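Enquirer: what would the 3D arrangement of this be:
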Amino acid sequence: MWPFTRRSHESPESETAKRAAEKSLQEAQARNPESEAKLTESHRVKEQLRAHNRANAYSDLIEGIVLGRLNDGRP
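Expert: I've put the predicted structure just below:
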C-alpha cells in the first residue's frame, strides 16, 4: 500500500470560499437592515403606483363621460 498523508490544512481558496459563505449566511440570518429598508421602500412605492394608476383610470372614465355628454349636447 502507498503511504498517503492527509493534509492537515485547507487550501487558501477553500478558506476564502468558506469565509464568504459564512458571511453571507450571517447577513441572511441578520436580515441586513439596509436591504430590509430597501425592500420595504420598494413595496411602498409599488403600492403608491397602483393607487395612482387606479385614480388615473377613474379620472379617465369620468373625463370620457363628461366629454361624451358635452358632444351630445346634453346639459
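
Enquirer: what pLDDT does residue 73 get?
Expert: The model reports residue 73 with a pLDDT of 67.

Enquirer: let me fix that, I meant to ask about residue 44.
Expert: As summarised for this prediction, residue 44 has a pLDDT of 92.

Enquirer: and what of the one 3 residues further on?
Expert: pLDDT, the model's per-residue confidence, is 92 for residue 47.

Enquirer: how many residues are close by it?
Expert: Applying other C-beta atoms under 10 Å, we find 10 residues neighbouring residue 47. Every C-beta, even on glycine, is put in place using the N, C-alpha and C of the backbone.

Enquirer: so how far is stretch 41-59 from its chain's centroid?
Expert: Distance of stretch 41-59 from the chain centroid (C-alpha atoms, centre = their mean, to the nearest Å) equals 17 Å.

Enquirer: which helix or strand contains residue 27?
Expert: Element membership for residue 27, per DSSP states H and E: helix 12-30.

Enquirer: for that helix, the distance to its chain's centre please.
Expert: Between the mean C-alpha point of helix 12-30 and the mean C-alpha point of its chain there is a distance of 23 Å (C-alpha atoms, centre = their mean).

Enquirer: then stretch 15-31?
Expert: When C-alpha coordinates are averaged (C-alpha atoms, centre = their mean), stretch 15-31 and its chain have centres 21 Å apart.

Enquirer: show the average pLDDT along that stretch.
Expert: Stretch 15-31 shows a mean pLDDT of 80 in the predicted model.

Enquirer: picking that back up, list the buried residues of the next helix-or-strand element following the helix holding residue 27.
Expert: Toward the C-terminal end, the helix or strand that comes next after helix 12-30 (DSSP H and E) is helix 33-72. Using 16 or more other C-beta atoms under 10 Å as the test for burial, helix 33-72 gives no buried residues.
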